[in-house]
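Colleague: Quick one, structure for this:
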Amino acid sequence: MEYISSDTNVWLDFAEIERLNLPFLLPYVYLMNDETVEDELLSPPGLCSELLQLGLQKTELTEEEFYLVEEFTSKYIKPSVYDCIALAIAKARGLILLTGDGALRKAAEAEGVAVMGTIGILDQLHRGKYIEDEEYVDCIWKLLEKNGGKVRLPRHELEKRLQII
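Modeller: Reported below is the predicted structural model:
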């Protein structure tokens with residue numbers, strides 16, 4: 001199993017399309033700082049407990065990660081403290097960062113941290129045959145329908161995936 005440091009927004013995308021369980025089909029263990037879990041996974045109601053039941057793992061910051069968070073919050077203006085926590089965990093532990101946040105993605109790139117988001121998860125689910133074509137297409141359509149509201153994904157990337165199926 002591979003570990004991934006998780007931000008919150010990808011979970012919100014999957015919650016919006018009522019497919020919160022799908023990322024847990026992949027051979028990953030998703031880690032999120034315990035404070036982030038308690039403070040950021042409040043809405044929609046029940047999201048936190050459902051993610052924990054599905055397998056989201058809480059983790060505490062190491063001393064090194066704590067100092068990285070301080071460095072990142074002063075170095076990068078847009079990512080939140082919780083975003084910087086996810087980035088610090090990913091960088092210190094050599095993990096992929098799971099996020100769709102644009103500012104956090106840029107910070108991760110600057111720090112040499114690999115990033116994956118909602119579309120990347122769906123692509124892996126489809127390529128690995130964890131989900132069938134029909135479910136993949138249904139997820140893409142639902143993301144397109146919700147896009148611009150709580151879901152904020154690159155429309156052209158979603159549409160491109162519909163053209164190849």
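
Colleague: What is the worst-scoring helix or strand of the chain on mean pLDDT packed up against?
Modeller: Between all helices and strands in the chain, the lowest mean by mean pLDDT, DSSP states H and E belongs to helix 34-40, at a mean of 81. Based on contacts counted as 3 or more C-beta pairs under 8 Å, 6 or more residues apart in numbering; DSSP states H and E, the elements that helix 34-40 packs against are helix 47-54, strand 57-59, helix 81-93. Heads up, the C-betas are built off the backbone N, CA and C, glycines and all.

Colleague: Report the mean confidence score over the following helix or strand past the second one.
Modeller: Using DSSP states H and E, the helix or strand that follows strand 57-59 in sequence is helix 63-75. Averaging pLDDT along helix 63-75 gives 96.

Colleague: who does helix 63-75 touch, helix- and strand-wise?
Modeller: On the basis of 3+ C-beta pairs under 8 Å, 6+ apart, helix 63-75 makes packing contacts with helix 81-93.

Colleague: how far out from the middle of the chain is the helix it packs on?
Modeller: 12 Å (C-alpha atoms, centre = their mean, to the nearest Å).

Colleague: And that helix, what does it pack against?
Modeller: Using 3+ C-beta pairs under 8 Å, 6+ apart as the contact definition, the elements that helix 81-93 packs against are strand 2-6, strand 28-33, helix 34-40, helix 63-75, strand 96-98, helix 102-110.

Colleague: Can you tell me what sits against that helix?
Modeller: 3-8, 31-33, 35-36, 39-40, 59, 61-62, 64-66, 68-69, 72-73, 76, 79, 95-99, 101, 103-104, 107-108, 111-113 (C-beta atoms under 8 Å, 6 or more residues apart in numbering).
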